[in-house]
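1. Pasted the sequence and its predicted model underneath.
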Amino acid sequence: MFVAEIGDITRFARPQQLASWAGLTPKHHESDTTVHRGRITKQGSRLVRWAAVEAVQRVPAHTRLRQTRDRVGERRGVRNIGIVAAARELTTLVFYGLRDHHIRCLPARAA
């Protein structure tokens, strides 16, 4: 679903741009020195956002995405915030996977 919906990955220079396009970044309101961050924008591809959230909800316990989801959810007190944070991290991994055809930021397994 990611490949079909994203299409040509070269139109995104950074993984943050892909996450913003998918609508997984928080709203940003700024006036002088006051900054307010809101809910996620939900602008962009509804299918990529849905696929990322669904994928993160079914990850095994020993994975990096599951640890991120649980850690952020416990810290913020809301499980859904952790799910969105992990979905955004998943879109980063998808970006590197589509661009480089392998994911360099994952640690190598110990033999």
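-> Yep, that arrived. Numbers count the residues shown, from 1 in each chain.
2. can you count the residues close to the nearest residue to His28 once chain neighbours are set aside?
-> With Cβ to Cβ, 6 or more residues apart in numbering as the criterion, His28 has its nearest non-adjacent residue at 6.1 Å, and that residue is Arg37. The way it works is simple: take the backbone N, C-alpha and C, and place the C-beta from them, glycine included. For Arg37, the count of nearby residues is 10 (other Cβ atoms under 10 Å).
3. Kindly report the same for the one 4 residues further on.
-> Thr41 is flanked by 16 other residues according to other Cβ under 10 Å.
4. From His102, how far off is it?
-> 30 Å (Cβ to Cβ, to the nearest Å).
5. Which element, helix or strand, includes the residue nearest the centre of the chain?
-> Among the residues of the chain, the one closest to the centroid is Arg88, at 0.9 Å (Cα atoms, centre = their mean). Per DSSP states H and E: Arg88 is located in helix 79-100.
6. and that helix, which residues are buried?
-> 81-98 (16 or more other Cβ atoms under 10 Å).
7. show me the contacts for Gly23.
-> Ile40, Thr41, Lys42, Gln43, Gly44, Ser45, Arg46, Arg49 (Cβ atoms under 8 Å, 6 or more residues apart in numbering).
8. Gln43 is in contact with the last one, correct?
-> Read that as Arg49. No: judged on Cβ atoms under 8 Å, Arg49 makes no contact with Gln43 at a distance of 9.6 Å.
9. Just want to know which of those two has more residues nearby.
-> For Arg49 versus Gln43, the count of surrounding residues by other Cβ under 10 Å is larger for Arg49: 24 against 13.
10. helices or strands next to the helix or strand containing that one in the packing?
-> Element membership for Arg49, per DSSP H and E: helix 46-57. Here helix 46-57 touches helix 2-6, helix 79-100, going by 3 or more Cβ pairs under 8 Å, 6 or more residues apart in numbering; DSSP states H and E.
11. average pLDDT across the longest one?
-> Helix 79-100 shows a mean pLDDT of 92.
12. what's next to it, contact-wise?
-> By Cβ under 8 Å, 6+ apart, the surrounding residues in contact with helix 79-100 are 2-3, 6, 9-10, 12, 14-15, 18-19, 22, 24-25, 40, 48-49, 52-53, 55-57, 59, 64-66, 68-74, 76, 102-106.
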